[in-house]
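Asker: turn this into a model:
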Amino acid sequence: MFSVKEKLRYLCEGSNQLFASSTLKYINGPPRAFFIHSMSKDSRVAGQDVNRYTDGLISPTDTNATQQINGSGVAAEKWVYSIEELTQQNNLRFLTFLPWKDILSNRTMHRRSHAWCPSCLEDQRVAGTPIHEQLLWAHRIVLRCPVHKVQLETECHHCKSSPVILCGKSRPGLCSHCKGWLGYYPNTLNLPLAEQNPANAAFEVFVAEQIGELIAVAPNLACFARREAPEISITKCVDQFFEGNLCAFARYFGMKKGVISCFTKSRARFIDLDLLSRIAFRAGTTLLNLLTNENALADFNPLTSSAISNKRLSPRLKKENVLKTLLEAVEEKPAPSLNELAERLGYSEPYILRRYFPQICSQITANYLTHSQGKRRGGWSTARLQNNEAILAALESALEEESPPSLSQVGRSLGYASSEALRSRFPELCKALTEKRQKLISSRRAMIEGELRQALESDPPISLNTISEKLGYKTSSVLRTMFPNECREIRYRHEEHTKNQFLSRIEIALQAMFIETPPPTLNAVLRRIGVSDGFLRKYFTEEHRALSTRFLEFRRQQCLKNKEIERNKIRVVVSDLIARGILPSMNIVLELLPTTHLKFPEVWATILRVKEEFARSV
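Answerer: Numbering: from 1, shown residues only. Here you go, the predicted model:
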């Protein structure tokens, strides 16, 4: 086990690593007491106000606030100052997020639970290097290890509890509850990244790598990044591609409209790092470039990005993109149809294309019609689809069927879009087919009405779905459209019948509970019958009151029995003490009976009663 000074020395030597170690896990014991005691005796801080740097340190018992030590707030500054005074170092601020305190918000920076990469800890143990925890793991938006590509864990795989971030029993790599080793190689270590979580894995690895880069370059930056750099870069992109509309910019990147408030200087002081990470990931740049370069998004063009839907572009960009696609389609071989182009661009109908680009659309249509496929589709109007003999045979065959199809169905079977061609050639046959079908529909309607009226008189009532299945329908929508009043009455009768049956079952169950011994509690009754307290109060008011009264009376009687048993125990103890010649005080009696259901006045009254009985007997 390393001493405090050895740990602090290793802490200082490791400040230039790619993923710097955290200041959190190198201090054992109550931290506040350690620093106050050390600084009060150390002459190196003589002449300075010690309370200025000790006031505000995390309390020894406040384990839920220790995540601030690695952040960028006041607590982190005071901890860094205290350790630097003890170690005579001046670069410990790079083991926290203090270098980025003027840009990134401390409130949304540190996570509130302890997180670690089990593979990194296991690598340290196998290599024999000192066990330490990376500062990268302390950031809230880091969910995956950039080295092993596995998700960070927040739950001990031994005791299934969440270790606290820092407490008096904390040790690097060990669970603060069970002292179990947190490092191991998970089963997903060798799996491809796409198989682990194809939706978010790539973005999570990107975020971890970018945060690690910010930590690594912080000591070497000549001048730290400014908050204005991402503002200027994003503003230029919004003005160039989104016509100054921040809401369109947010929609394009799949973010909520509320996040645009961080780009307004009068509304927010800091920029959310999660937001910047998403912009950098979609734009194909780095987070460091976005924080330091005012032209970080100069090479980004939403027209060439395939990851974002075309509908999220501004109107001007959308029009330019559509025009570019249509011009390319004019030269495309084989020539596509206008409907196909509308589907490519995300439109359900091509009328919007004809409205804004009529000449180009006419040229695309002409190219498609001159194509062989377009000729086949457009040539149907120059010749009949079917001759009169085929149409006559189809109509006569439909008339001979017991349940004839409709005239539109016959026309579609012959290749016609409507029945006008059939009516113009064979009006009498079409009229006869229509009349036969109307008679069939009328007879079926009468049969359905008879079934519904019969269902209204059935006992017990049947459901509307049962009637629909009996008549050959999958749902009851057809019946409700044809006979709304009858269906409404059938549904009401069936609901009332089902409700009464349910209430009857509840009443039988409640009557059985009245004879149970011991009586169940009201909560147990509600769980057993599967209803709420409000339901029982509404429909079974008397039973609800009787059940509660019966259980309360049982509990009162049981309490009286328990108290009487306790009094008998006290009588035995007091009698034994008197027989031994010891004055039976309350303290002596309670020492002999440490657990009792009686209150102190009741215990003393029992002692006095036993004394009086003993005095009368003497």
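Asker: the nearest residue to Arg144 once chain neighbours are set aside: neighbour count?
Answerer: Once flanking residues are discounted, Arg144 sits nearest to Glu204: 4.0 Å by Cβ to Cβ, 6 or more residues apart in numbering. Glycine gets a C-beta too; all of them are placed from N, C-alpha and C. Look at Glu204: counted by other Cβ atoms under 10 Å, it has 23 neighbours.
Asker: what helix or strand does Glu204 sit in?
Answerer: helix 201-217 (DSSP states H and E).
Asker: check which element follows that helix along the chain.
Answerer: helix 228-241.
Asker: which elements pack onto the helix or strand following that next one?
Answerer: Next in sequence after helix 228-241, counting helices and strands by DSSP H and E, comes helix 246-252. In terms of contacts (3 or more Cβ pairs under 8 Å, 6 or more residues apart in numbering; DSSP states H and E), helix 246-252 is packed against helix 228-241.
Asker: the nearest residue to Thr96 once chain neighbours are set aside in helix, strand or coil?
Answerer: Distances taken as Cβ to Cβ, 6+ apart place Ala76 nearest to Thr96, at 4.8 Å, with adjacent residues excluded. With DSSP: H, G, I helix; E, B strand; the rest coil as the basis, Ala76 sits in helix.
Asker: can you list the low-confidence ranges for the chain?
Answerer: 1-66, 168, 188-199, 221-227, 243, 254, 256-271, 301-318, 372-385, 618 (pLDDT under 70).
Asker: max-length helix in it?
Answerer: Secondary structure of the chain read by DSSP state H shows that its longest helix is helix 541-579.
Asker: next SSE downstream of it?
Answerer: helix 586-592.
Asker: neighbours of the residue nearest to Thr96, how many?
Answerer: Using other Cβ under 10 Å, Ala76 has 23 neighbouring residues.
Asker: for Gln511, same thing?
Answerer: When neighbours are counted by other Cβ under 10 Å, Gln511 comes out with 10.
Asker: again, but for Leu522
Answerer: Leu522, neighbours per other Cβ under 10 Å, totals 16.
Asker: that one touches Asp533, doesn't it?
Answerer: Yes: in this structure Leu522 lies within contact range of Asp533 using Cβ atoms under 8 Å: 7.4 Å.
Asker: any shared contact partners between these two?
Answerer: His544 (Cβ atoms under 8 Å, 6 or more residues apart in numbering).
Asker: residue contacts, the residue nearest to Thr96?
Answerer: Gln68, Ile69, Asn70, Thr96, Phe97, Leu98, Asn106.
Asker: how far away is it from Ile279?
Answerer: 27 Å (Cβ to Cβ, to the nearest Å).
Asker: please tell me how far the residue most central in space within the chain sits from Arg144.
Answerer: The chain has Asn200 as the residue nearest its centroid, 13.6 Å off, counting by Cα atoms, centre = their mean. Distance, Asn200 to Arg144, by Cβ to Cβ: 9 Å.
Asker: doesn't Val574 make contact with Val589?
Answerer: Yes: look at Val589 against Val574 with Cβ under 8 Å: they come within range, at 6.6 Å.
Asker: looking at those two, which one has more neighbours?
Answerer: Between Val589 and Val574, Val574 has the larger neighbour count (other Cβ under 10 Å), namely 23 against 20.
Asker: that one contacts Glu612, correct?
Answerer: No: taking contacts as Cβ under 8 Å, Val574 lies outside contact range of Glu612: 11.0 Å.
Asker: in stretch 329-340, what counts as buried?
Answerer: By 16 or more other Cβ atoms under 10 Å, the buried positions in stretch 329-340 come out as Ala329, Ala335, Pro336, Ser337, Leu338.
Asker: no, scratch that, I was asking about stretch 150-165
Answerer: Quick answer for stretch 150-165 (16+ other Cβ under 10 Å): Val150, Gln151, Leu152, Glu153, Cys156, Ser162, Pro163, Val164, Ile165.
Asker: let me have these in TSV, adding distance to Gln501 and secondary structure as columns.
Answerer: Shown next, in TSV, are the buried residues of stretch 150-165 (distance: Cβ to Cβ, whole Å; DSSP: H, G, I helix; E, B strand; the rest coil):
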residue	distance to Gln501	secondary structure
Val150	55	coil
Gln151	51	strand
Leu152	54	coil
Glu153	52	strand
Cys156	51	coil
Ser162	48	coil
Pro163	54	coil
Val164	54	coil
Ile165	57	coil
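Asker: tell me the two of the residues you listed that are most distant?
Answerer: Val150 and Val164 (22.6 Å; Cβ to Cβ).
Asker: one step back: state the distance from the residue nearest to Arg144 to Leu152.
Answerer: 9 Å.
Asker: do the same with Leu552
Answerer: Counting by Cβ to Cβ, the gap from Leu552 to Leu152 is 52 Å.
Asker: just Leu414 next, same as before
Answerer: For Leu414 relative to Leu152 (Cβ to Cβ), the value is 67 Å.
Asker: same question for Pro584.
Answerer: From Pro584 over to Leu152 (counting by Cβ to Cβ), the distance is 63 Å.
Asker: swap in Thr235?
Answerer: If you go by Cβ to Cβ, the gap between Thr235 and Leu152 works out to 34 Å.
Asker: also Leu422?
Answerer: Taking Cβ to Cβ, one finds Leu422 at 71 Å from Leu152.
Asker: ditto for Ser105
Answerer: 21 Å.
Asker: and if you look at Ala524?
Answerer: 43 Å.
Asker: same for the longest helix of the chain, what does it pack against?
Answerer: With contacts taken as 3+ Cβ pairs under 8 Å, 6+ apart, helix 541-579 sits against helix 484-513, helix 522-529, helix 533-539, helix 586-592, helix 600-617.
Asker: let's have these in a markdown table, adding distance to Ala432.
Answerer: Formatted as a markdown table, these follow (distance: least, Cβ to Cβ, whole Å):
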| stretch | distance to Ala432 |
| --- | --- |
| helix 484-513 | 32 |
| helix 522-529 | 64 |
| helix 533-539 | 61 |
| helix 586-592 | 106 |
| helix 600-617 | 101 |
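Asker: Glu231 is nearest to which of those?
Answerer: helix 533-539 (54.4 Å).
Asker: alpha carbons of the closest one, in PDB - could you do that?
Answerer: Taking C-alpha atoms only, helix 533-539 is exported to PDB below (Å, rounded to 0.1, in the frame of the first residue of the first chain):
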ATOM      1  CA  ASP A 533     -58.700   1.300  -2.800                       C
ATOM      2  CA  GLY A 534     -60.800   3.800  -4.600                       C
ATOM      3  CA  PHE A 535     -62.700   1.100  -6.500                       C
ATOM      4  CA  LEU A 536     -63.400  -0.800  -3.300                       C
ATOM      5  CA  ARG A 537     -64.600   2.400  -1.600                       C
ATOM      6  CA  LYS A 538     -66.900   3.200  -4.500                       C
ATOM      7  CA  TYR A 539     -68.600  -0.100  -5.100                       C
END
